[in-house]
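Enquirer: Provide a 3D model corresponding to the input given below.
(one chain, ligands or ions: 2)
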Amino acid sequence: MQKRHELEKRESRYCAFCDHTGIIRNPYYEQASGDAMSPCPRCVLNRCSCGGEDPYYIFDGGIKECPCRETRMKIDQAKEIYARSGIDKKYRWRFINEYESRNKLGEAAKSAAYDIIRRFPDVDKGLYLWGNPGTGKTLLSTIILTELITRHAVEGRYIKISRGFFQRIRSTFNVESVTYGMGNAIEKEFAEADILVVDDFGTQRDSPWEQETLYNLVDARYEAEKFTIFTSNINPLKALTEIAGGRILSRIKEMCRIMEITGPDYRDRL
Ligand SMILES: [Zn+2]
Ligand SMILES: [Zn+2]
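Expert: Ligands and ions are numbered 1, 2, ... in the order given. The predicted structure follows:
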């Protein structure tokens, strides 16, 4: 209820042009040499008189916060979070309006994504997207992450299980490694992020140690009711029953809406 109230408060302050966020995102900023994110000209910049000078204060018979300050601070914070989110370069700065669904399954997944983006943080379930390779699961999940970080400046992380996740944790056991002894800190970072995208879930033959590490991560997020998106090439209801004795599957079923995306290969369009 509290979350819904915050959402309504937020919506009344900003306009429809910026989708009630106060922030305009510019996916073409690299080519057009503008800013990736800027305050909305219609409901924030029109009230700004600090000229965008950090720390966004004005003099008006005394030192006061400029009306743009909250939005500009949020943008600064969102940019920092986005830079450390772990999203691959080719998936960055992509938004929901450019996701093309190819069939009914894709359309349903896109509509679930829209719903999450509109309602966050008032969302009670994450997503488990599964289907054959190349159907845009990674793209759709990183789009949701991008939308939520750039709208709300919430802490979000992307991890690809098949590449790097276990190596990163394993290297913390190696005394030669710069991350030696930081295993708990790394696991905590993923367990506690407001949003986590776990890409390529259940694709490798997990060792008992890997299964336990994954279970601990999923369980920690389940307990803390953290929003999580999984993508996988496998149907969880068939393939996850064996992993960690079915404990991961039972958590995922409670945490996520399980949706299939199957279809032609999407990757050549990126
Ligand atoms: Zn606006
Ligand atoms: Zn200002």
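
Enquirer: Check the residue of the chain most remote from its centre and give its pLDDT.
Expert: For the chain, the largest distance from the centre (CA atoms, centre = their mean) belongs to Gly61, which lies 42.4 Å off. pLDDT, Gly61: 90.

Enquirer: for Gly52, same thing?
Expert: At Gly52, the pLDDT value in this model is 91.

Enquirer: Now name the helix or strand holding Ile229.
Expert: If you go by DSSP states H and E, Ile229 is part of strand 227-232.

Enquirer: Next SSE downstream of that strand?
Expert: helix 236-239.

Enquirer: So what's the residue count around Tyr82?
Expert: When neighbours are counted by other CB atoms under 10 Å, Tyr82 registers 19. Using the backbone N, CA and C atoms, a C-beta is placed for each residue, glycine as well.

Enquirer: pLDDT below threshold where in the stretch 151-270 of the chain?
Expert: Scanning the stretch 151-270 of the chain with the threshold set as pLDDT under 70 gives 163, 203-205, 244, 266-270.

Enquirer: Could you break this structure into its assigned domains?
Expert: When the chain is parsed with automatic domain parsing, its domains come out as 2-83, 89-269.

Enquirer: Do any residues in the first one lie close to ligand 1?
Expert: Yes. Where contact is defined by CB under 5 Å from the ion, part of domain 2-83 touches ligand 1, namely 14-15, 17-18, 40, 42-43.

Enquirer: now those residues in CSV, with neighbour count and secondary structure?
Expert: CSV is the format used below for these (neighbours: other CB atoms under 10 Å; DSSP: H, G, I helix; E, B strand; the rest coil):
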residue, neighbour count, secondary structure
Tyr14, 19, coil
Cys15, 16, coil
Phe17, 11, helix
Cys18, 20, helix
Cys40, 20, coil
Arg42, 14, coil
Cys43, 19, coil
